[in-house]
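>>> Can you look at this prediction? I've put the sequence above it.
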Amino acid sequence: MQVHLLLFALYRDLTGVDELNVEVADGATAAAALAGLRQSDPRFAVLPDRPVIALNRELAQLDAVLRDGDELALLPPVAGG
Amino acid sequence: MRAWITTDPIAAQDVLDGVGTATDGATVVFLGTVREENDGRPVSGLRYDAYVAMAEDVLLRIAGEAGRRAGTDRVAVVHRIGELAVGDASVAIAVSSPHRAEAFDAARFVIEAIKQRLPVWKQEYYVEGAPRWLDGSTPAVGP
């Protein structure tokens, strides 16, 4: 199955990636998907081990289980205002 | 309640249009503006990045929470993103309520919550040196 990965701000600059469709195993958690990505794609090795994530536009825990078509966003510490 | 993200310039009137009824004795407006320096470094401008779809949801939720605290549904808030110059408004908030204490409290709540949990990021451009993403807050993840 696939999830749609989104990166913003510092994480976008660090990786050079703003969005990417990622193939993940059925039943994978967000943490597992990110760990796999860090191993398979060196661009992602520079990211923190446990970034804040949003799943389908809601903050989520890294142990959240992914489903096909999910939107997984990696959020640097926020600095609006 | 009105809450939105825009790339266009913003002004106080944009949020004032969303508030104020005959039952309200107080209207508070807050503008957040770009300063010409930060930590002693001259700033030439800012760029805001945002997860727009999520930020609009979060901003509306923040406005709703502020309104419930103040007992009013007259809350309007806009956050500008993209390139901003010194002096430009990045945030405008307006709250109206029957009495002033609640309106001040709700406006303050909105800007503090924006800084804590709105998925928006600020990059400063300096008169000298490379631009920098500012350190931010880590939003709390619910259960």
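That came through, no problem.

>>> Phi and psi next, for the nearest residue to A:Ala45 once chain neighbours are set aside.
Leaving aside its sequence neighbours, A:Ala45 sits nearest to A:Arg38 (Cβ to Cβ, 6 or more residues apart in numbering or on different chains; 5.3 Å). For the C-beta atoms, the positions are set from N, CA and C on the backbone; glycine is no exception. Backbone torsions for A:Arg38, taken as degrees, to the nearest 10, come to phi -60, psi -30.

>>> B:Leu13 is in what secondary structure piece?
Not Leu; residue B:13 is Gln. Assigned by DSSP states H and E, B:Gln13 belongs to helix B:12-16.

>>> And the lowest mean pLDDT element among the helices and strands of chain B?
strand B:37-38 (a mean of 92; mean pLDDT, DSSP states H and E).

>>> Can you tell me what sits against that strand?
By Cβ atoms under 8 Å, 6 or more residues apart in numbering or on different chains, the list of residues contacting strand B:37-38 from outside reads B:Val43, B:Glu124, B:Leu134.

>>> Could you pull up the contacting residues of the second one?
Under the criterion of Cβ under 8 Å, 6+ apart, the neighbours of B:Glu124 are B:Asn38, B:Arg41, B:Val43, B:Leu46, B:Pro131, B:Arg132, B:Leu134.

>>> Run through chain A and note the low-pLDDT ranges.
Applying pLDDT under 70 to chain A flags no residue at all.

>>> Mind jotting down where the strands sit in chain B?
Ranges of strands in chain B, per DSSP state E, are B:2-6, B:26-33, B:37-38, B:41-50, B:75-80, B:82-85, B:89-97, B:120-126, B:132-133.

>>> quick one: average pLDDT of the second one?
Right, strand B:26-33. For strand B:26-33, the per-residue pLDDT values average out at 98.

>>> before we move on, what about the fourth one?
In this model, strand B:41-50 carries a mean pLDDT of 96.

>>> Against which helices or strands is the helix holding B:Gln13 packed?
If you count contacts as 3 or more Cβ pairs under 8 Å, 6 or more residues apart in numbering or on different chains; DSSP states H and E, helix B:12-16 packs onto strand B:26-33, strand B:75-80, strand B:89-97.

>>> Tabulate the ones you listed in a markdown table, adding columns for distance to chain A and mean neighbour count.
Listed next are the helices and strands packed on helix B:12-16 as a markdown table, based on distance: least, Cβ to the nearest Cβ, whole Å; neighbours: other Cβ atoms under 10 Å in any protein chain shown:
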| stretch | distance to chain A | mean neighbour count |
| --- | --- | --- |
| strand B:26-33 | 5 | 17 |
| strand B:75-80 | 6 | 26 |
| strand B:89-97 | 6 | 26 |
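
>>> A:Ala28 is nearest to which of those?
Checking the helices and strands packed on helix B:12-16 against A:Ala28 by Cβ to Cβ gives strand B:75-80 as the closest, at 33.7 Å.
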